[in-house]
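In: Mind folding the following:
(chains A and B)
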There are 2 protein chains.
Amino acid sequence: MSFIRRWNIGTQTRKLSNMATLNASKLTITKTTTPREKVPKEQLVFGKTFTDHILEVEWTAEKGWAAPTITPYHNLSFDPSTIVFHYGFEAFEGMKAYRDSKNQIRIFRPDRNMARMNTSAERIALPTFDSAEFIKLINEFVKLDESFVPEGEGYSLYLRPTIIGTSASLGVSTPDKALLYLIASPVGPYYSTGFKAVSLEATDYAVRAWPGGVGNKKLGANYAPCVKPQLEAAARGYQQNLWLFGEEGYITEVGTMNVFFVFKNADGKKELVTAPLDGTILEGVTRDSVLTLARDRLPADEWTVNERKFTVQEVKDRAAKGELVEAFGSGTAALVSPIKNIGWKGEDIAVPLAAGEAGELTVQMSEWIKKIQYGEEEYKGWSMLIQ
Amino acid sequence: MSFIRRWNIGTQTRKLSNMATLNASKLTITKTTTPREKVPKEQLVFGKTFTDHILEVEWTAEKGWAAPTITPYHNLSFDPSTIVFHYGFEAFEGMKAYRDSKNQIRIFRPDRNMARMNTSAERIALPTFDSAEFIKLINEFVKLDESFVPEGEGYSLYLRPTIIGTSASLGVSTPDKALLYLIASPVGPYYSTGFKAVSLEATDYAVRAWPGGVGNKKLGANYAPCVKPQLEAAARGYQQNLWLFGEEGYITEVGTMNVFFVFKNADGKKELVTAPLDGTILEGVTRDSVLTLARDRLPADEWTVNERKFTVQEVKDRAAKGELVEAFGSGTAALVSPIKNIGWKGEDIAVPLAAGEAGELTVQMSEWIKKIQYGEEEYKGWSMLIQ
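Out: From the prediction side, this is the model:
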């Protein structure tokens, strides 16, 4: 598959065809001679311990993508003027590798993550790459560090593809050097003892994203500013914050997850709702999976599935009328995260938990997606076997 | 001066009083044994070459600020999971050191830059520090690398204080490790042969900042997303982009500078206008200096100085009526940058250049500020002697 780096500058498309494209067949592997001891799976903490290796591909404006390498996990060393330290030239993805009941390893919808990573990179003038070639490299990496993929439901190897600008210069301009790399961290279930519904505080004093901004891209820029509103919510006794937008109080995301609500409508049907992709919402792979499964499997005479704008006031009003059925966040880390309560303007909106610590659709979705992720069921080619 | 790190979490203020504060008296200096050759000053390129040393201060949540060090300039080496590579935990400042006619070194309003750096750090949950102590450290650093401060009008040593989150963990949460550092790059005049007025393209398809966002902080997050609109403007023949906000087309900033316009009003007075600090504008030190000098020195019977909202439509209408006098950007890099033209909706708005390549106030402001920066004139203690 050939690949040409393109800059869409206005109507002009420049093709830099003499630059090397990302080529998985050029991969060289140097195995570690000092393998790490595995952390007992009960003691795993998200993103704290890593596998034995790192995958790296260097890029320069002059030569394009260099030959990929897998080498023993090591520090990255850069000049202190490097643009990743100053100007936020960084984009990443989050994916997981699962061990199935036949002891095979699977990854979930890597094509979606790689497509998104390319749109993220392109938005901040970092180089794009051939997704299929990078997925081949991920395959080789996961095969090599296969022993780090824990077994058991809810356990997985979290994969972190990252791209950073590495030009050593304080000028704010197009990076002429970049590094695409992959590290991986074995993780346990987000909820170690079944679901645990969370309480949210609606945030109206800070705004995560704006039309015409970059909130729909998976950029480092979108994350550091989220911590303070999260801390403030925590200080008032809430576990996560719920991002609102505009004077209307449109519901956009929860913490760093997409968010879904279920309402009971006047016609007796239930409605699954999430915010539309208007440029202010992260285009979640789990969000897309939830929508696809809901449209495919929920009976059409009982359910409607809508991507539409809705406000925290609507949630409050419908909760008061007994029309709020359930709510959950969706993301790679937690898969689905049930919501029990929303604090807004000094009042709490209680969200029903019909199935104990979650709503019924939340439980159903979790089961549907896990079955696909762990290879118990084939669905639309979403689960890719590592081979 | 004692300093206590505070978290303003809602109404609660936590004082972590057992943590060490930033203490300049603990500085240790290890001088280079391999001094660099100086680049001839005519060949200097902004932010490409650096002095012999780096100033570093490590912080941990457990112990607070460690003893500062100045050591030979060296790479920074971090685990690939370090949060500065993933989540945009980075804030910086730009300042300059000038060599005056008595061969003394001066820096311009460092208190303003350090105050802003603390507000930037605080917004992304990075540790704050005692500005006065850090200025003492800058003083020692500049003294040590004094030979890198070039002489001559327009020449200076660009100082880049930077703070980054250095926790090695993929969790999005409050950093428990950080590094505050300073590097410095000798630079020549932005315009090597006198002023050169720039043409701008008004950007209405992308938004730099919004109310409730972080566009008023000097965060890495605000810079990478600026490159693509800049490239698009360049592809259409403009040198910089002009950031608009909202359907009204409010003028906010130019490229990475604040922006000023001069209008002739009906009462015969001239009006100097810049956008107000509403949370979407970087709180520029040069911007503040321009406003302060304008209010202090422009005759009140001939001038009004306003921080107010104004639109690109107003600029266009007043240009058509002959009421647009001049326009310029302001920032540390260029000081003032005259504007000759604004492309908007397929038309160009011509900006007068009464003094050749700049307007008259642009030239006047440049002279006023340079005199203070190079110590030819004392003004409000803005120029700090290195000693």
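In: Next, the buried residues of stretch A:99-107.
Out: A:Arg99, A:Ile105, A:Arg106, A:Ile107 (16 or more other Cβ atoms under 10 Å in any protein chain shown). (Glycine included, C-beta is placed from N, CA and C.)
In: from those, which is closest to chain B?
Out: When the buried residues of stretch A:99-107 are compared for distance to chain B (Cβ to the nearest Cβ), A:Ile107 wins out at 17.2 Å.
In: Give the residue spans of chain A that score low on pLDDT.
Out: A:1-17 (pLDDT under 70).
In: domains for it, by residue range?
Out: Domain ranges of chain A: A:9-187, A:198-380, per automatic domain parsing.
In: got the ones you listed as TSV, with distance to B:Ala24 columns?
Out: Below are these laid out as TSV (distance: least, Cβ to Cβ, whole Å):
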stretch	distance to B:Ala24
domain A:9-187	20
domain A:198-380	27
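In: so which of the ones you listed comes closest to chain B?
Out: domain A:9-187 (2.6 Å).
In: The closest one: how far from the chain's middle?
Out: With Cα atoms, centre = their mean, to the nearest Å as the basis, the distance from the averaged C-alpha position of domain A:9-187 to the chain average is 14 Å.
In: Need the contact partners of the helix or strand hosting A:Lys370.
Out: In the assignment (DSSP states H and E), A:Lys370 maps to helix A:360-373. Residues outside helix A:360-373 that contact it (Cβ atoms under 8 Å, 6 or more residues apart in numbering or on different chains): A:96, A:98, A:106, A:108, A:153, A:156, A:195, A:262, A:272, A:286, A:289-290, A:293-294, A:297-298, A:325-326, A:328, A:335-336, A:338, A:354-355, A:358, A:376-379, A:382-383.
In: Looking at these, which are in helices?
Out: Those of the contacts of helix A:360-373 mapping onto helices are A:Thr286, A:Ser289, A:Val290, A:Leu293, A:Ala294, A:Arg297, per DSSP state H.
In: what's the most distant pair in those residues?
Out: Greatest spatial distance in the ones in helices among the contacts of helix A:360-373: A:Thr286 and A:Arg297, 15.8 Å, computed using Cβ to Cβ.
In: Which positions in the helix holding A:Lys370 come out as buried?
Out: Result for helix A:360-373 [16+ other Cβ under 10 Å]: buried residues A:Leu361, A:Thr362, A:Val363, A:Gln364, A:Met365, A:Ser366, A:Trp368, A:Ile369, A:Lys370, A:Ile372, A:Gln373.
In: What is the burial count for the nearest residue to the second one once chain neighbours are set aside?
Out: It stands for A:Thr362. Residue nearest to A:Thr362 in three dimensions, not counting chain neighbours: A:Phe328, with 4.4 Å by Cβ to Cβ, 6 or more residues apart in numbering or on different chains. A:Phe328: 29 surrounding residues under other Cβ atoms under 10 Å in any protein chain shown.
In: mind listing what A:Phe328 touches?
Out: A:Val259, A:Phe260, A:Val336, A:Ser337, A:Pro338, A:Ile339, A:Ala358, A:Gly359, A:Leu361, A:Thr362, A:Met365 are the contacts of A:Phe328 under Cβ under 8 Å, 6+ apart.
In: Would you mind writing the PyMOL command to select the buried ones in these?
Out: Selection of the buried residues among the contacts of A:Phe328 in PyMOL, burial being defined by 16+ other Cβ under 10 Å:
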select buried, chain A and resi 259+260+336+337+338+339+358+359+361+362+365
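In: sorry, back to before: of the ones in helices among the contacts of helix A:360-373 - the most surrounded one?
Out: A:Val290 (26 neighbours).
In: Might one say that it is in contact with A:Gly329?
Out: No - A:Val290 is beyond contact range of A:Gly329, at 10.4 Å (criterion: Cβ atoms under 8 Å).
In: tell me, what's touching the two both at once?
Out: A:Phe260, A:Val336.
In: what about the closest residue to A:Phe129 other than its chain neighbours, distance to A:Leu159?
Out: Excluding the flanking residues, the one nearest A:Phe129 by Cβ to Cβ, 6+ apart is A:Leu22, at 4.2 Å. From A:Leu22 across to A:Leu159, the span is 17 Å (Cβ to Cβ, to the nearest Å).
In: Doesn't A:Ala121 lie inside a helix?
Out: Yes - secondary structure assignment (DSSP: H, G, I helix; E, B strand; the rest coil) places A:Ala121 inside a helix.
In: Give me the helices and strands touching the host helix or strand of A:Thr304, please.
Out: Using DSSP H and E, the element containing A:Thr304 is strand A:303-307. Packing partners of strand A:303-307 (3 or more Cβ pairs under 8 Å, 6 or more residues apart in numbering or on different chains; DSSP states H and E): strand A:270-274, helix A:285-297.
In: Can you convert the ones you listed into CSV and add a column each for distance to A:Phe92?
Out: Converted to CSV, the helices and strands packed on strand A:303-307 look like this (distance: least, Cβ to Cβ, whole Å):
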stretch, distance to A:Phe92
strand A:270-274, 23
helix A:285-297, 13
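In: A:Pro225: what secondary structure?
Out: Assignment for A:Pro225 (three-state DSSP): helix.
In: what's the answer for A:Val39, then?
Out: Quick answer, by three-state DSSP: A:Val39 is coil.
In: and A:Ala320, backbone torsions?
Out: phi -60, psi -30 (degrees, to the nearest 10).
In: who touches stretch A:347-355?
Out: By Cβ under 8 Å, 6+ apart, stretch A:347-355 touches A:197, A:199, A:312, A:315-316, A:319, A:324-327, A:338-343, A:359-360, A:362-363.
In: Any idea how far apart the tips of it sit?
Out: Distance across stretch A:347-355, first residue to last, is 24 Å (Cα to Cα, to the nearest Å).
In: Run the chain-centre distance for it.
Out: Centre to centre, stretch against its chain (Cα atoms, centre = their mean), the figure for stretch A:347-355 is 26 Å.
In: May I see the buried residues of it?
Out: Quick answer for stretch A:347-355 (16+ other Cβ under 10 Å): A:Asp348, A:Ile349, A:Val351, A:Leu353.
In: A strand includes the second one, no?
Out: Think A:Ile349. Yes - assignment of A:Ile349 by three-state DSSP places it within a strand.
In: Who does it form a beta bridge with?
Out: A:Ile342 (DSSP bridges).
In: So it versus B:Gly165, what's the distance?
Out: For A:Ile349 relative to B:Gly165 (Cβ to Cβ), the value is 34 Å.
In: Then the first one?
Out: Between A:Asp348 and B:Gly165 the distance is 33 Å, computed by Cβ to Cβ.
In: hey, where'd the helices end up in the stretch 101-250 of chain A?
Out: With DSSP state H, counting those that start in this stretch as the criterion, the stretch 101-250 of chain A has helices at A:110-123, A:131-144, A:227-235.
In: just checking, what packs against the first one?
Out: To tie it back to what came earlier, the one meant is helix A:110-123. Short answer (3+ Cβ pairs under 8 Å, 6+ apart): helix A:110-123 packs on strand A:90-92, helix A:131-144, strand A:156-165, helix A:285-297.
In: again, but for the second one
Out: For helix A:131-144, the elements it packs on are strand A:53-60, strand A:69-72, strand A:105-108, helix A:110-123, strand A:156-165, strand A:177-187, judged by 3+ Cβ pairs under 8 Å, 6+ apart.
In: who does the last one pair up with?
Out: The reference is to strand A:177-187. Strand pairing for strand A:177-187, using DSSP bridges, gives strand A:53-60 (antiparallel), strand A:156-165 (antiparallel).
In: does A:Thr274 really touch A:Ser289, like I thought?
Out: No - proximity of A:Thr274 to A:Ser289 does not meet the contact threshold set by Cβ under 8 Å, at 12.0 Å.
In: so how far is the first residue of stretch A:36-54 from its last?
Out: This stretch, stretch A:36-54, spans 13 Å end to end (Cα to Cα).
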